[in-house]
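A.B. asks: Sharing a model that was predicted from the sequence below.
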Amino acid sequence: MSEMTFDKQFFGRSLASMAELTEKNRDYWTKLDSDIGDGDHGINMSIGFRAVSAKLEENLENAEDITSLLKKSGMLLLSKVGGASGPLYGSFFIKMGKDITGQTEITFSDFVGMIKNGVEAIQFRGKAELGDKTMLDALLPGLEYLEAHQTDSNPVVVLEEAVAIMRQGAESTIPLIAKKGRAMRLGERAIGHKDPGSESSWMLINVFLEEMKTV
């Protein structure tokens, strides 16, 4: 079996699907955020991905490589979205492509490295750790699995398991006291509520999985 590869169009389709996902889950993510935060997570994500979607065709055509496409999309999130989600997700997409400059096609191991770079950018900007009741509670355990299994024979199965771990990570935020963000002010009152960023993050990574199944 030849090695699975992913081109610029794969990432273009993924970004388009992420925009659709965000519209479908706008109210759900906002409800999660209204329980423990500003109540704007879904709204902000919608604003950001609408901007990404509006420029996607143009950016896909003009981007000379995958890195450029992701950077342009990340910059839109960074500039259009308020709250924490814009800077965090913007940084994620901008930094994803830092090691694959000039490439129009990548391997699964490259993809895992991209996720690692993106997650590290979120961690650097948010200054959060595992257990702080943030999106990193979903992303870090999934990333650990990806790194351990990136050379396995079936990338789809590996990413499927990683997404399942990320989903469990989002669930694990429910009993936690928040140590970062607006929810931190609630103290023990944040217990019993899921972190909205942890929920949106695994769902966005799941978009890559669904697109991967079509390659």
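C.D. replies: Cool, got the structure. On a predicted model such as this, the values are computed, not experimentally measured, just so you know.
A.B. asks: host element of E58?
C.D. replies: For E58, the host element (DSSP states H and E) is helix 41-62.
A.B. asks: could I get that helix in PDB with only the CA atoms?
C.D. replies: Output of helix 41-62 as PDB, limited to C-alpha atoms (Å, rounded to 0.1, in the frame of the first residue of the first chain):
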ATOM      1  CA  HIS A  41     -17.300  31.300  21.900                       C
ATOM      2  CA  GLY A  42     -19.700  30.100  19.200                       C
ATOM      3  CA  ILE A  43     -20.400  33.600  17.900                       C
ATOM      4  CA  ASN A  44     -16.700  34.400  17.700                       C
ATOM      5  CA  MET A  45     -15.900  31.200  16.000                       C
ATOM      6  CA  SER A  46     -18.700  31.800  13.500                       C
ATOM      7  CA  ILE A  47     -17.400  35.300  12.700                       C
ATOM      8  CA  GLY A  48     -13.900  33.900  12.200                       C
ATOM      9  CA  PHE A  49     -14.700  31.000  10.000                       C
ATOM     10  CA  ARG A  50     -17.100  33.000   7.900                       C
ATOM     11  CA  ALA A  51     -14.100  35.200   7.100                       C
ATOM     12  CA  VAL A  52     -12.000  32.200   6.300                       C
ATOM     13  CA  SER A  53     -14.800  30.800   4.100                       C
ATOM     14  CA  ALA A  54     -15.300  34.000   2.200                       C
ATOM     15  CA  LYS A  55     -11.600  34.200   1.300                       C
ATOM     16  CA  LEU A  56     -11.000  30.500   0.900                       C
ATOM     17  CA  GLU A  57     -11.300  30.200  -2.900                       C
ATOM     18  CA  GLU A  58      -9.000  33.200  -3.400                       C
ATOM     19  CA  ASN A  59      -6.500  32.000  -0.800                       C
ATOM     20  CA  LEU A  60      -6.500  28.500  -2.200                       C
ATOM     21  CA  GLU A  61      -5.800  29.800  -5.700                       C
ATOM     22  CA  ASN A  62      -3.100  32.200  -4.600                       C
END
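A.B. asks: after that helix comes which helix or strand?
C.D. replies: helix 66-80.
A.B. asks: Could you give me the buried positions within that following helix?
C.D. replies: Neighbour-count burial for helix 66-80, counted by 16 or more other C-beta atoms under 10 Å, picks out 66-78, 80. Yep, even glycine has a C-beta here, placed from its N, CA and C like the rest.
A.B. asks: now stretch 3-21
C.D. replies: Per 16+ other C-beta under 10 Å, stretch 3-21 contains these buried residues: 6, 8, 10-19, 21.
A.B. asks: now the helix holding E58 and helix 66-80, what's the angle there?
C.D. replies: Angle, helix 41-62 to helix 66-80, by axes from the mean of the first three to the mean of the last three C-alpha atoms, to 10 degrees: 140 degrees.
A.B. asks: Determine the set of other helices and strands touching helix 41-62.
C.D. replies: Secondary-structure packing of helix 41-62 (3 or more C-beta pairs under 8 Å, 6 or more residues apart in numbering; DSSP states H and E): helix 8-36, helix 66-80, helix 85-96, helix 196-212.
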